[in-house]
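S.K.: Structure for the following, please:
(5 chains)
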Amino acid sequence: MDFATIIGMIAGAAFIAIAIFMGGSFSQFVDYPSITIVVGGGTAATLIRFPIGGVLNAFATGGKVAFTHKKVDPKELIQQIAEMGDIVRKNGPLGLENVELDEPNLKKGSQYIADGYDAGFIRETMELERDQFLTRLSEGQRVFKSLGDAAPAFGMIGTLVGLVQMLANMSDPSAIGPAMAVALLTTMYGAVLANLICLPLSDKLNSKLELEDINQTLIIDGIMSIRDGKSPALITQMLTAYLPEKQRDSLEDAA
Amino acid sequence: MDFATIIGMIAGAAFIAIAIFMGGSFSQFVDYPSITIVVGGGTAATLIRFPIGGVLNAFATGGKVAFTHKKVDPKELIQQIAEMGDIVRKNGPLGLENVELDEPNLKKGSQYIADGYDAGFIRETMELERDQFLTRLSEGQRVFKSLGDAAPAFGMIGTLVGLVQMLANMSDPSAIGPAMAVALLTTMYGAVLANLICLPLSDKLNSKLELEDINQTLIIDGIMSIRDGKSPALITQMLTAYLPEKQRDSLEDAA
Amino acid sequence: MDFATIIGMIAGAAFIAIAIFMGGSFSQFVDYPSITIVVGGGTAATLIRFPIGGVLNAFATGGKVAFTHKKVDPKELIQQIAEMGDIVRKNGPLGLENVELDEPNLKKGSQYIADGYDAGFIRETMELERDQFLTRLSEGQRVFKSLGDAAPAFGMIGTLVGLVQMLANMSDPSAIGPAMAVALLTTMYGAVLANLICLPLSDKLNSKLELEDINQTLIIDGIMSIRDGKSPALITQMLTAYLPEKQRDSLEDAA
Amino acid sequence: MDFATIIGMIAGAAFIAIAIFMGGSFSQFVDYPSITIVVGGGTAATLIRFPIGGVLNAFATGGKVAFTHKKVDPKELIQQIAEMGDIVRKNGPLGLENVELDEPNLKKGSQYIADGYDAGFIRETMELERDQFLTRLSEGQRVFKSLGDAAPAFGMIGTLVGLVQMLANMSDPSAIGPAMAVALLTTMYGAVLANLICLPLSDKLNSKLELEDINQTLIIDGIMSIRDGKSPALITQMLTAYLPEKQRDSLEDAA
Amino acid sequence: MDFATIIGMIAGAAFIAIAIFMGGSFSQFVDYPSITIVVGGGTAATLIRFPIGGVLNAFATGGKVAFTHKKVDPKELIQQIAEMGDIVRKNGPLGLENVELDEPNLKKGSQYIADGYDAGFIRETMELERDQFLTRLSEGQRVFKSLGDAAPAFGMIGTLVGLVQMLANMSDPSAIGPAMAVALLTTMYGAVLANLICLPLSDKLNSKLELEDINQTLIIDGIMSIRDGKSPALITQMLTAYLPEKQRDSLEDAA
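M.R.: Numbering: from 1, shown residues only, chains lettered A, B, ... in the order given. As a prediction, this is how the structure comes out:
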């Protein structure tokens, strides 16, 4: 679980809810046509920008990754891979069958070695999966960014719709205030959707993307080295050297 | 047909229409002078930026491509080209006459080979067509971007025109509300035109442009390889290697 | 004549004028202090940014180029230059005296050859003129961009001046509306000046600049080749190869 | 102590406080729900973007560095390092034990030499510490930037919440003014938090980061040279040459 | 004297003053708390970003350079340097004592040659002075940019302070208008300070910086060549070739 994402969203929503409750009832702040324009319109504008599958995919993958994906430290991965290399040198590929591994792709690669698959097949399969996973993450990141850009615009459109309706029928002065309150709600929905949900999630997916790019490439190279029977010391050295200097510095930083 | 574009536009318009109907009559939201300023003014500002032919062209080509252009997977193209190479090696160039092909340029290239045209002529003709098609797409993309930037500005200009007229004649208090409603409509038109139509279409054309650049170059190189009688395996390898690594990853992603 | 620029500006002004006439009299929309602040203030801010000569120059050259400069297709130029090369090979340099040429710099270069000037002198003189012309165009482009950025800011300043004056003297309620109308005019002037005139003109000059850079360099190289008595075929090949690939594609696109 | 940061913040707060006192009582400007939305919401949006530890860390490290970190001139550092090199050549590594050093990392490195540690160990340890320090600074810079971007957005959200509450209950006209005053406070808090605190602090941390990157790398290379017994003249020359030309010019400039 | 800067500022202020006088008295537009917030707050935010000395320095150097610094044409400089080279070849270094020179650094360099200083000393001293001068200019440019970004933000903060005070005390309806007028003044001050003074001055300093970078480097290289007794023709050729092509084109353009 990624607690920062969950805590941030709940806390942000709570702060807004507190401010609302301190000033009156919550029901004033629910207006379905406004929600329709902001969420529906923002999603529609995003649908034009991306293929349909991509948008659905973005909500599924992006949402899942942002909330549940565990951050894995590349240095820990290197250590695990080195230990796996040690086992293979001592007990042969079958020794990997008893190793407990958390990272799903590392586990899959380990299984491939134990099953004695061809090196070319392993690399190709794992690279394909990595590329597809990174593509989905990147698509998710861009879909949330697009939603975060469109939501405030549709919030403003909804407020204008409400204002026009209010101004065109001003026979009852006592209705002006509440009508304007409802009109402003759309702008508020757009601002909350963009600033509390979409844009932070997009940034989160982006930093997860950077970290996963490093980790998955590490795993693939590590698995190939284990399969070739390289020594643990050599594997550690290779994988560490492999990381570009800047990424080494920013490892703690990302995600 | 590109259903994402169509669904997105219809859905976006529907969400706004629903919000309008829930609050009153639709006729309040139609004001011809406002439409004149936003659509006319935005188009005029775009006309200054681009040659006239380019703007008309952008609406024709850009509109057609955004709504109807089918996305073609480069990997599928490579497979088709390899099969065509197989046919040519087995049955000679005339064997291509019976192959059913969807992609219009691939079909045209295939016809050129069957008709026995000179290699230099085929490459030159096809590259010229690709460049003209990509230029039209890119022009369309920039015209929609320029419209999307100009529309909100002219929306604001129209609202100011309406406000000045309303404020200068405030003898009848009951007319103030409706007059202001009409003034605000222009801002709304500008926001809808930009955020629901122009900017998403511009982004769509941009991603289609990137995909077509890859696909058409693939087709040209593939056609040349078929004409040279290269083996299907070699063609597949060449065309795959030809794709820059980053584009390989983002193929599923674009369009 | 560059009809796109003229049509765009007239059409844009007309659309705004139509909206004004449909809502009342035109005289409500003329306010000299507002014009003073937007045009004067915007120009003053631009004067600080650029040397005085440059600003005057920008209006003269920039204005002239945007409205009257004819777009010349580089491919047509190459053809004309090749024909001129043919004439020189057949009739000697003096044969150029009878050739009718539209492009002023091509004409000047042709005259230099006919007059038998030194190659070094011709190249130096023509390059100096090209550089000065491009510098003036680029200065014009940046001056219009600066004006387009400053105009809305001074529009807002003028509106604030008007609002402060109105709010400080609210003894006569019936004067509030018209005073506010006048105050808003400044914002409208700034928006029209920027979005209908300055920013589109700046973009126009920019694309003319790119095209002229290609054309004038083509002309200079062509003139030098003609003077050296190169064959038309060689000239065509050299000049075409000279164009960078990207510019070849975007030739139809620019200006 | 970094007096510029402290003076700037106190002066900025004082100027706002003066303007408030000149116009009335200070208590009108305190509203706890508004503070909750701006500070809480902005922090929540930042929590989604970064790992929790990173945000806490950013406040601790970033705050400490921005307020207390002393700027050290790289040229002074080079001089100190050269003097240390002189002492080591004259009195051996133990001579460093009596040298008074302000810069904590220079002091630590000097101790390592005096204690006779291995060159590889010294470099590795010092580089690790430098990287962790720079990573914390960079994280702090990005957290304050994110807060500075989120604060005005949540200020607007809070104002909208207040306006909706006010507009929905307009039975008592005399309450409208004060309610709107409270609503506007949130926007003001967001603007002050962003423009007086978060964005300037982010810029400050960024320039400190650039200077520390140069200084710490200088110190590490200097310590390694001292340990190798290089001559003071050679050390000075090496370290000066090491600085990229652009950084040499901007040394006085940074921080 | 740089008349463009002076004329631009006076003209801009005059246009605003004219608009003010045409609408009423000037005293309505002076409000000391508003000036305090905009100038004081903007300066405070800038103080946090830069070291104190840098901010004072920026006002001194930046102000002086923007208003008084004479633009020197690099081509004229090259000519002067070539003439100086001629004198040295004819009359020896002492011949330079009688040459009248306007550019202060060229004069200083000329004096160094006449006084027979060492080549290394001359280059080092002159490069140090050039770097310090360019650093001060660049610091001034960034300080004015930071002020120009902060001023509108503090203008908005001041207006919010005024609005809150006005709204909290609406017992006297006749006081609402004037109070709101005063509140809006702060926004106006911020917009004028940014758009008429800070941002244009920042751009001006930037273009002066680019020109001075070329000129001072030219002068240093020229002085070194004169001291080495190079021929005027060689000096001219060297210095002209030294200018990067792009800068040659834009020489008339900068400053």
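S.K.: Stretch A:167-178 near chain E at all?
M.R.: No - judged by Cβ under 8 Å from any Cβ of the partner chain, stretch A:167-178 and chain E are separated, with a smallest distance of 15.7 Å. To be clear about C-beta, it is placed using only N, CA and C from the backbone, and glycine gets the same treatment.
S.K.: Could you list the low-confidence segments of the stretch 101-250 of chain A?
M.R.: A:242-250 (pLDDT under 70).
S.K.: how about the residues of it near chain B?
M.R.: A:131-132, A:134-135, A:138-139, A:146, A:150, A:153-154, A:156-158, A:160-170.
S.K.: give me that answer again for 6 Å
M.R.: Contacts of the stretch 101-250 of chain A with chain B, taken as Cβ under 6 Å from any Cβ of the partner chain, map to A:131, A:135, A:139, A:153, A:156-157, A:160-161, A:163-165, A:167-168, A:170.
S.K.: got the residues you listed as JSON lines, with neighbour count, distance to residue C:206 and secondary structure columns?
M.R.: As requested, those are exported to JSON lines (neighbours: other Cβ atoms under 10 Å in any protein chain shown; distance: Cβ to Cβ, whole Å; DSSP: H, G, I helix; E, B strand; the rest coil):
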{"residue": "A:131", "neighbour count": "17", "distance to residue C:206": "39", "secondary structure": "helix"}
{"residue": "A:135", "neighbour count": "19", "distance to residue C:206": "36", "secondary structure": "helix"}
{"residue": "A:139", "neighbour count": "23", "distance to residue C:206": "34", "secondary structure": "helix"}
{"residue": "A:153", "neighbour count": "22", "distance to residue C:206": "28", "secondary structure": "helix"}
{"residue": "A:156", "neighbour count": "21", "distance to residue C:206": "31", "secondary structure": "helix"}
{"residue": "A:157", "neighbour count": "28", "distance to residue C:206": "32", "secondary structure": "helix"}
{"residue": "A:160", "neighbour count": "26", "distance to residue C:206": "34", "secondary structure": "helix"}
{"residue": "A:161", "neighbour count": "28", "distance to residue C:206": "38", "secondary structure": "helix"}
{"residue": "A:163", "neighbour count": "21", "distance to residue C:206": "38", "secondary structure": "helix"}
{"residue": "A:164", "neighbour count": "27", "distance to residue C:206": "38", "secondary structure": "helix"}
{"residue": "A:165", "neighbour count": "21", "distance to residue C:206": "43", "secondary structure": "helix"}
{"residue": "A:167", "neighbour count": "22", "distance to residue C:206": "42", "secondary structure": "helix"}
{"residue": "A:168", "neighbour count": "21", "distance to residue C:206": "44", "secondary structure": "helix"}
{"residue": "A:170", "neighbour count": "17", "distance to residue C:206": "48", "secondary structure": "coil"}
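S.K.: so which pair among the residues you listed is furthest apart in space?
M.R.: A:131 and A:170 (59.0 Å; Cβ to Cβ).
S.K.: Enumerate the residues of chain A near chain D.
M.R.: So chain A meets chain D at A:4-5, A:7-8, A:11-12, A:15, A:18-20, A:22-24, A:28, A:177-178, A:180-181, A:184, A:188, A:191-192, A:195-196, A:200, A:203-204, A:249, A:252-253 (Cβ under 6 Å from any Cβ).
S.K.: and chain A, what are its domains?
M.R.: Under the assignment automatic domain parsing, the domains of chain A span A:1-30, A:31-74+A:120-254.
S.K.: roughly how far out does the first one sit from the chain middle?
M.R.: In this case it means domain A:1-30. Centre-to-centre, domain A:1-30 and its host chain are 21 Å apart (Cα atoms, centre = their mean, to the nearest Å).
S.K.: Just to check, residue A:15 is in contact with residue D:42?
M.R.: No - using Cβ atoms under 6 Å, residue A:15 is not in contact with residue D:42; the gap is 9.2 Å.
S.K.: higher neighbour count, these two?
M.R.: Counted by other Cβ atoms under 10 Å in any protein chain shown, residue A:15 and residue D:42 do not tie: residue D:42 has more neighbours, with 28 against 25.
S.K.: Name the residues of the helix or strand harbouring that one that are buried.
M.R.: Taking DSSP states H and E as the criterion, residue D:42 maps to helix D:42-49. Neighbour counts using 16 or more other Cβ atoms under 10 Å in any protein chain shown place D:42, D:43, D:44, D:45, D:46, D:47, D:48, D:49 of helix D:42-49 among the buried residues.
S.K.: Quick one: the helices in chain A, in order.
M.R.: A:3-23, A:32-35, A:41-49, A:52-57, A:63-68, A:74-91, A:104-114, A:119-168, A:176-192, A:199-227, A:232-242, A:245-249 (DSSP state H).
S.K.: Determine which stretch of the domains of chain A is the most buried.
M.R.: domain A:31-74+A:120-254 (a mean of 20; mean count of other Cβ atoms under 10 Å in any protein chain shown).
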